[in-house]
Every structure is written in C-alpha cells, then in structure tokens.
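>>> quick one: sequence plus predicted model below, questions after.
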Amino acid sequence: MPRAGDERTQPMQLRFVGCGDAFGSGGRFNTCFHVTGAHFNLLIDCGASSLPALKQLGIACNDVDLILITHFHGDHFAGLPFLLLDAQFSRRTRPLVIAGPAGIAARLTQVMEALFEHSSTTPRKFELSVIELVPEETTRFGEVSVTPFAVVHGNSGGPFLGYRIEAEGKIVAYTADTEWTDRLIPLGRDADLFIAEAYTFDKPVKNHLSLAALEAHLGEIRPKRLVLTHMSEDMLRRAATLPHAAAHDGMMIDL
C-alpha cells in the first residue's frame, strides 16, 4: 500500500480489513477499513481485532497517517492500544493523527490504561495528535476532507459519528453503527462508495440499521455504489441472495 506523499499515480482504494459485528459473526474481524490514495493513508475505525487483521493482509501499520474513530465501543475502538504499542516497539517515527468524537483523548487514555497500565504516559518515538471532530463541520487532513454526521446508537459509547470523506475527487461515506436517521441522507448522497450497516434484514433492532430501513431511503441517497457491512449471523446467511454487495474481510474496492 502507498505511503502518504508517494508521487506514483495509483487509484484510491478501500480495503475491508474487518467488517464484522461486535460478536465476530461469521468469523469476521471487528470493523476496520483501510483507505489509500496517492497522497494519503488512513484507517476508519480500529476494532479490538484490527492489528492482527492488518498484519494478516500485509498492511504496513506504520504507514498509516490518520485513524478516524466513529465511536467508543470495543469493536470499533479497542484496537488502538495494540496498534500504538506496536508502533512504539517497531520504532515508528511518522506522525500519527487519531480523530473522532468529543472526548476521544480521555477515552483513549482510559482504554490504554485498562489494557496496558502506564502505556498512556510512556514517551513515544513519534508524534501523536488526538483531535475531536464536530458534527457537520468539515476538517481537512492534508488531501482528505472529513465531514462527520451525528448518528444514533444508544446511550453508551458515544458520541456516535458517521463519516463523509472526500479525497482525489471521490467520496466515501460510512454510516457507522446506527439506527435510521435522516442525517444519513446528506452523509451518503451521491457518494462513489456508500458503506452502510445492515445488521438485520427487516427486523427492527434498536440502535442498528436494517436493510429494509436503508432501502426505503436509497432513492434519496443515490449512492453510485453500495456495500453492506456489520451484518448479523442471519444477514450473513442471506448474503448470497442479497440485492446489494456485501463486504467480506479482505475485500478491495478501487474508486
């Protein structure tokens, strides 16, 4: 995978490092997407199983410049202590930015200390910046523009954000974990790639998105390409007959 600043011409790509739910349904890794282009290298979410998943795919973790976190549930966030310690022991020198919902710096310290005591205060060989993102305010990270949207996923582990990411003339949008909210319409509208949770087929489950609820609004969202993720065991059993593409670990998409 390219490093940020690599001058070679190459397509923007997204790889599903992990697309599973919190319970490893179907034997899938927790949520982590790797997005690269000619001048950027980022992760979206870093669930508990992300470091071994990244290494299994041969992705150079120390080339990642930016990690976007959607919320603080373990299957989206708890891989960070492992990734940061791996960076330290592998002598990373590249600066790293971690960005996410309000409170992310305190939450990162908490999870670091819970899993590896004193790791949050150990001097690092690389610069680490932790940045809070504000819903519907665009933040630019080099060549990448990130617009978060507030989504709905319960009362613990938040705030909860979905992301609209613009880079190299392409748009990638990701609902994150959420029940239906009309904010998903501007988040995903006309995206080149719209990654949407589809936890159930048509059964309403609080704080999660069903395929039926999503399909009711696809005419308003109008994505150029839709890929479903974060699917339950029931949805995985239906995957071969679904009318939309379903993610699998390792899946690569050229944009």
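Cool, the structure landed. Residues are numbered from 1 along each chain as shown.
>>> going by C-alpha atoms from here, please, whenever you check contacts or count neighbours.
OK.
>>> would you mind confirming that residue 105 makes contact with residue 128?
No. Judged on C-alpha atoms under 8 Å, residue 105 makes no contact with residue 128 at a distance of 10.9 Å.
>>> all helices of the chain, in order?
Here the chain has its helices, by DSSP state H, at 50-56, 74-77, 80-89, 104-115, 184-188, 211-215, 218-221, 233-238.
>>> now residue 85: how far from residue 113?
12 Å (C-alpha to C-alpha, to the nearest Å).
>>> give me the common contacts of those two.
Listed as contacting both residue 85 and residue 113 by C-alpha atoms under 8 Å, 6 or more residues apart in numbering are residue 119.
>>> which one's more surrounded, the two?
Set side by side, residue 85 and residue 113 show more neighbours around residue 85, with 18 against 15, by other C-alpha atoms under 10 Å.
>>> need the contact list for the more buried one.
Residue 85 neighbours (C-alpha under 8 Å, 6+ apart): residue 119.
>>> could you do residue 79 as well?
Contacts of residue 79 by C-alpha under 8 Å, 6+ apart are 46, 47, 48, 49, 50, 51.
>>> ok, the residue nearest to it when sequence neighbours are not counted - how many residues close by?
Nearest non-adjacent residue to residue 79, counting by C-alpha to C-alpha, 6 or more residues apart in numbering: residue 48, 3.9 Å away. Using other C-alpha under 10 Å, residue 48 has 24 other residues around it.
>>> re earlier: most packed of the helices of the chain?
Mean neighbours per residue, mean count of other C-alpha atoms under 10 Å, is largest over the helices of the chain for helix 74-77, with a mean of 24.
>>> re earlier: do you know how far the residue nearest to residue 79 is from residue 14?
From residue 48 to residue 14 the distance is 20 Å (C-alpha to C-alpha).
>>> returning to what we had before: closest one to residue 31 out of the contacts of residue 79, please.
Comparing those against residue 31 with C-alpha to C-alpha places residue 47 closest, at 5.4 Å.
>>> hmm, the closest one is touching residue 33, no?
No. Using C-alpha under 8 Å, residue 47 is not in contact with residue 33; the gap is 10.0 Å.
>>> with neighbour numbers in mind, choose between these two.
Each of residue 47 and residue 33 has its neighbours counted (other C-alpha under 10 Å); residue 47 has more, 27 against 24.
>>> from residue 27, how far off is that one?
Residue 47 is 14 Å from residue 27, by C-alpha to C-alpha.
>>> what's the answer for residue 125, then?
35 Å.
>>> okay, those two: which has more neighbours?
residue 125 (15 against 11).
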